[in-house]
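**Q** Sharing a model that was predicted from the sequence below.
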Amino acid sequence: MRLATWNVNSVKARLPRLLDWLAGTGPDVVCLQETKCPDGSFPADEVGELGYAVASHSDGRWNGVAVLSRIGLTDVAVGFPGEPGFPQPEARAIAATCAGTRVWSIYVPNGRTPDSPHYRYKLDWFAGLRDALATELGGGAPLAVCGDFNVAPTDADVWDPSLFAESTHVTPAERQALADLRDLGLVDVVPTPMKGPHPYTYWDYRAGMFHQNKGMRIDLVYATPSLADGVRSAYVDREARKGKGPSDHAPIVIDVEPAGAA
DNA sequence: ATGCCGGATGTTATCCGA
């Protein structure tokens, strides 16, 4: 199975690039974040022509997550029980089963600044996610939580940690929230960078950050050992960050063999 | 070259992102 995750920063603005990328990369399952499309406006017909079924969760101007699959898409769950809101619940999580693998696409709240109510919301959201995953993991199926976690796991995952001294994405509490997910038994599937030593997945649009490779690793795949043990390759597709009209995030592409395969 | 912010709404400004 080829599994991918990509924060597209508007599926409408990115549609031509998304379709080209799907056709060229051929993922079986794709998690999307920041689709930014109102309910019912996801371009399901266009991706359907490439063989993908779509499960989408939207709330209008911002946020929005989806799962695309060409190997089956069942048991779709939108959000999760007890999901915190700001103040209303937002479209930040969707899950589906694809050929026996449980796949979550998540878009964690940004947090804005550490003294913002949005930061407390971010931590509460992580705690709710952890509880929801703990329930699902009891089932024992291979599972992957894919998406924009909006936390750099270590200082090596930020191009200049000193610039983030007073910022979100690197605070101990946010990194503890990631550790709490790993404590459920989930494994960080770290992709290979296509350039440089760091598997960054995000580069700000401004000031030539991409061409200077000043990025962050904030898009993650957390998988059960039953899935992670089958991973044969994982890479950041930085080619998708180049050229005209890219998202500010690059996709992660993972090839995984089913449990029990040679 | 990968190149100096972009997408959304709809306020031709403002919010959001990390």
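**A** Right, received. Where do you want to start?

**Q** A:Ser69: neighbour count?
**A** A:Ser69 is flanked by 25 other residues according to other C-beta atoms under 10 Å. In this view, the C-beta of every residue, glycine as well, is placed from N, C-alpha and C.

**Q** Mind listing the residues bridging to it?
**A** Applying DSSP bridges to A:Ser69 yields these beta-bridge partners: A:Val29, A:Ala53.

**Q** quick one: contacts for it?
**A** By C-beta atoms under 8 Å, 6 or more residues apart in numbering, A:Ser69 lies in contact with A:28-30, A:52-53, A:55, A:96, A:98-99, A:103.

**Q** A:Trp104 too?
**A** A:31, A:93-95, A:133, A:143-147 are the contacts of A:Trp104 under C-beta under 8 Å, 6+ apart.

**Q** give me the beta-bridge partners of it?
**A** A:Ala95, A:Val145.

**Q** which residues in chain A form strands?
**A** Taking DSSP state E as the criterion, chain A contains strands spanning A:2-7, A:29-33, A:53-57, A:65-69, A:74-78, A:93-98, A:101-107, A:143-148, A:187-188, A:219-223, A:231-236, A:252-256.

**Q** Adding mean pLDDT and distance to DNA strand B, write these out as TSV.
**A** Listed next are the strands of chain A as TSV, based on pLDDT from 0 to 100; distance: least, C-beta to the nearest atom of the strand, whole Å:
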stretch	mean pLDDT	distance to DNA strand B
strand A:2-7	98	6
strand A:29-33	98	8
strand A:53-57	97	14
strand A:65-69	98	13
strand A:74-78	98	19
strand A:93-98	98	15
strand A:101-107	98	8
strand A:143-148	98	6
strand A:187-188	98	17
strand A:219-223	98	9
strand A:231-236	98	13
strand A:252-256	98	15
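
**Q** and the gap between A:Glu90 and DNA strand B?
**A** As judged by C-beta to the nearest atom of the strand, to the nearest Å, A:Glu90 and DNA strand B stand 9 Å apart.

**Q** Ranking the strands of chain A by mean neighbour count, which comes first?
**A** Across these, averaging neighbours per residue (mean count of other C-beta atoms under 10 Å) puts strand A:29-33 on top, at a mean of 30.
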